[in-house]
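A.B. asks: model this:
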Amino acid sequence: MERKRTSSTSSSIQASPMSYASYDGLEEPLAFNLDESPQFDLIDLLDFNNYVNLSDMKRRGSEFKRKIGSKTPKIDKELERFKARFSRHVDKAKTKWNSKNVVRTRDKIAFVLGVFNIFVSALLIGMAPEWIHVFYSAQLAYFMPMRYISYHRKGMHYFMADLCYWVNWLLVAFLWVAPGSTGLLISTYCLTHGSLAWAIVAWRNSLVFHSMDKICSLFIHVYPPLVLHTIVHVLPRSYVNTRFPAVPAVQTLNFFNAMVVASIAYMTWQVLYYVFIQVRKQAKIKAGRPTSFTWLLKSYSKTWIGRMVLKLPEALQPFAFMMIQYAYALVTMVPCPFWYANRTYAAGFLILVFGWSVWNGANYYIEVFGSRFQKELERLQAEVAEWERNPGTAPVTPAVEKSGMDFSGGAISDGLSKLTALGTGDVGGGKAE
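C.D. replies: Numbering: from 1, shown residues only. A predicted model of the protein is given here:
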């Protein structure tokens, strides 16, 4: 009977080798295999041919505990180092998490405002079009300071001198300073339905609700033509005659006259831009501060038009850029007299450019966010694979222990697989609805 009990004890011990070799935090691996240790063999201790002396077992047990105890300080030291390193990682992660919370809150506010903006704009055009220019002016008073603060922090505030901002200020002057000026009406109508509207296509403006920066950029380009379209084609004639007397004074846009008047407004901006940005800020631009010219030159450097400009002497490159930009403005203003005379086609044109921004926004959400999500999943899967190979590198925090959740490598890997299947719409062999 005693022999059987001893044999079962031996087999249970043999089936449970102790090893610290998998703990990679140690300076040198510790391995205690009770089956293979030459200094202390349990097979010798449990002699199956003779009854075991109890005092001899105690002596050998004490020797075993002493051998393990001699390694304990080194293990404790490595554990303390690991805890300190892990604590630093937790602190850094907490800081990033807090900053991400702030960003997420701001993105949520931008999303709400973006959706709210479209809803209110459509409601005003349909029910109270006489308020659309007021709503535009209120938004402009909010977006412009926000854009300047944001761009100034990034060192991009020279972009605030671009044509799109100049046209917005011209529109404000027409709405609130000189609503009877036919020159302001013609120039703002042509420039808003020309350069500004087509810039949505050229500059890839996107309807991305959660991004305040993208919403602001789209507002600056799409809202001015919308306001003028409402004033010219939607507002009651009785209201327009008293509030905007320039509109009844311009029944149709003469093509040549419209091009000349709009060109005067354009050239005024171009001269001011050249003097105050290209000349007076030349040192800062050469030091690396970006402008629309340097950005476009860099972005289109590999295209035929970019290579053509770069072949010119450096002193002539800004003038070549001005001529190209002015030619672009003229080409985009060609159909403006047609838009002014025809309400339906003008509305179709605005729907087209706004739809283009919606398409750009859809591409941003699907492609950009999708690629970011895929990269994050791949990174997490790589970490999980590393945890499964080295379990000691995936410690469980007290918070996880209290939660009772399974954060083992296998559980996380299974969760990521399900998450990936959900993202692709393939869950359990079917398509997610």
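
A.B. asks: So what's the residue count around Y300?
C.D. replies: The tally of other residues near Y300 (other Cβ atoms under 10 Å) stands at 15. C-beta coordinates here come from the backbone N, C-alpha and C atoms, glycine included.

A.B. asks: surely it meets T294?
C.D. replies: No: counting by Cβ atoms under 8 Å, Y300 does not reach T294; the two are 11.4 Å apart.

A.B. asks: just checking, T252 is part of a helix?
C.D. replies: No: looking at T252 with DSSP: H, G, I helix; E, B strand; the rest coil, it is coil, so not inside a helix.

A.B. asks: List the residues that contact it.
C.D. replies: Applying Cβ atoms under 8 Å, 6 or more residues apart in numbering to T252 gives the contacts 337, 340-341.

A.B. asks: what about it, distance to V234?
C.D. replies: 18 Å (Cβ to Cβ, to the nearest Å).

A.B. asks: ranges for the helices of the stretch 101-250 of the chain?
C.D. replies: 132-154, 163-176, 182-191, 197-202, 212-229, 237-243, 246-249 (DSSP state H, counting those that start in this stretch).

A.B. asks: can you list contacts of the third one?
C.D. replies: In other words, helix 182-191. 163, 167, 170-171, 173-174, 178, 224, 228, 232, 244, 246-247, 249-250, 253, 257-259, 261-262, 264-266, 329, 333, 336, 340.

A.B. asks: Repeat the analysis, applying 7 Å as the threshold.
C.D. replies: Helix 182-191 has contacts (Cβ atoms under 7 Å, 6 or more residues apart in numbering) with 167, 170-171, 173-174, 178, 228, 246-247, 249-250, 253, 258, 261-262, 265-266, 333, 336, 340.

A.B. asks: ok, and for that helix, which residues are buried?
C.D. replies: Applying a neighbour-count criterion of 16 or more other Cβ atoms under 10 Å, the buried positions in helix 182-191 are 184-191.

A.B. asks: So among the contacts of helix 182-191, which ones count as buried?
C.D. replies: The buried subset of these - by 16+ other Cβ under 10 Å - is 167, 170-171, 174, 228, 246-247, 250, 253, 258, 261-262, 265-266, 333, 336, 340.

A.B. asks: What confidence value was assigned to T291?
C.D. replies: The score at T291 is 90. That number is its pLDDT.

A.B. asks: should've said K67
C.D. replies: 60.

A.B. asks: next one: the one 10 residues further on
C.D. replies: At K77, the pLDDT value in this model is 69.

A.B. asks: repeat for T303
C.D. replies: In this model, T303 carries a pLDDT of 85.

A.B. asks: Likewise for the one 3 residues further on?
C.D. replies: The pLDDT attached to G306 in the predicted structure is 84.

A.B. asks: For burial, what's the neighbour tally of it?
C.D. replies: 15.

A.B. asks: Return the residues in contact with it.
C.D. replies: So G306 contacts 297, 300 (Cβ under 7 Å, 6+ apart).

A.B. asks: Distance-wise, check it relative to Q325.
C.D. replies: 13 Å.

A.B. asks: what does H152 give?
C.D. replies: Distance, H152 to Q325, by Cβ to Cβ: 24 Å.

A.B. asks: if you count what's nearby, which of those two comes out ahead?
C.D. replies: Q325 (17 against 12).

A.B. asks: pLDDT wise, what is the more buried one at?
C.D. replies: pLDDT at Q325 comes out at 92.

A.B. asks: again with D213
C.D. replies: 88.

A.B. asks: Count the neighbours of V177 for me.
C.D. replies: Using other Cβ under 10 Å: V177 sits among 9 other residues.

A.B. asks: One more: V232?
C.D. replies: Neighbours around V232, by other Cβ under 10 Å: 19.

A.B. asks: how close does the closest residue to it other than its chain neighbours sit to V208?
C.D. replies: Using Cβ to Cβ, 6 or more residues apart in numbering and skipping residues adjacent in sequence, the residue nearest V232 is V247, 6.0 Å away. V247 sits 34 Å away from V208, going by Cβ to Cβ.

A.B. asks: Spatially nearest residue to L296, not counting backbone neighbours?
C.D. replies: Nearest one to L296, counting by Cβ to Cβ, 6+ apart, is F321 at 7.2 Å.

A.B. asks: And the helix or strand hosting the one you found, what's buried?
C.D. replies: Secondary structure from DSSP states H and E places F321 in helix 317-333. Buried residues in helix 317-333, counted by 16+ other Cβ under 10 Å: 317-318, 320-322, 325, 329-330, 332-333.

A.B. asks: Show me the shaky parts of the protein.
C.D. replies: 1-79, 82-83, 86-87, 89-103, 388, 391-433 (pLDDT under 70).

A.B. asks: please redo it, this time with the cut-off set to 50
C.D. replies: 1-52, 395-407, 409, 424-433 (pLDDT under 50).

A.B. asks: Can you show me the strands along it?
C.D. replies: Assignment of strands within the chain using DSSP state E yields the ranges 18-19, 31-32, 426-427, 430-431.

A.B. asks: Relative to I305, how far out is the residue nearest to L228 when sequence neighbours are not counted?
C.D. replies: With Cβ to Cβ, 6+ apart as the criterion, L228 has its nearest non-adjacent residue at 5.3 Å, and that residue is Y189. Using Cβ to Cβ, Y189 is found at 28 Å from I305.
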